[in-house]
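*Asks:* Give the three-dimensional model of this entry:
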Amino acid sequence: MAIVIALVIALAAVAIAAAPLFFGTRQAARVTAGEEQVSLELEDLLAEKETLYAAIQELDFDFKSGKLSAEDHHGLRQRYEERAAVLLKAIDELQPTSGRSDAPRKARREKRRG
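*Replies:* Numbers count the residues shown, from 1 in each chain. Modelled structure (predicted):
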């Protein structure tokens, strides 16, 4: 009797552990290879953006604490900001477009430029 109970528990454990493998394949099959590639690239770019922002904050902290000269701070910060601009542009290109118009954003941009 104990052997039967042990077998039932073992089978239940295997079924619970294997369920995501069987039910997850349907959802994964819906995503096309192109969408998956874009999603992975977008995740990489977003992670790099966060790392870059953290580096800029650390750079500012080092400058305020006296570890960096003004020239070094300016040069490094400019380099980081240029890389951030490239990253943000790439992220914008990869993100799916929503149904909203860019007109309000363009109007604000033109207003700032004068």
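
*Asks:* So which elements touch the top helix by length along the chain?
*Replies:* Ranked by number of residues, the top helix in the chain under DSSP state H is helix 33-64. Using 3 or more CB pairs under 8 Å, 6 or more residues apart in numbering; DSSP states H and E as the contact criterion, the neighbours of helix 33-64 among helices and strands are helix 70-94. All C-beta atoms are positioned from the backbone trio N, CA, C, and that covers glycine.

*Asks:* so for the helix it packs on, what's the average pLDDT?
*Replies:* Here helix 70-94 scores 93 as its mean pLDDT.

*Asks:* pLDDT of the helix or strand following that helix, averaged?
*Replies:* For helix 70-94, the succeeding helix or strand toward the C-terminus, using DSSP states H and E, is helix 103-113. Mean pLDDT, helix 103-113: 71.

*Asks:* Between helix 70-94 and the longest helix of the chain, find me the angle.
*Replies:* Interaxial angle, helix 33-64 versus helix 70-94 (axes from the mean of the first three to the mean of the last three CA atoms, to 10 degrees): 160 degrees.

*Asks:* pLDDT averaged over helix 33-64, what's the number?
*Replies:* Rounded mean pLDDT across helix 33-64 is 88.

*Asks:* Only the buried residues of that helix, if you could.
*Replies:* For helix 33-64, burial by neighbour count (16 or more other CB atoms under 10 Å) applies to 42, 45, 49, 52, 56, 59, 63.

*Asks:* now swap in stretch 9-16 and tell me
*Replies:* In stretch 9-16, counting by 16+ other CB under 10 Å, buried: nothing.
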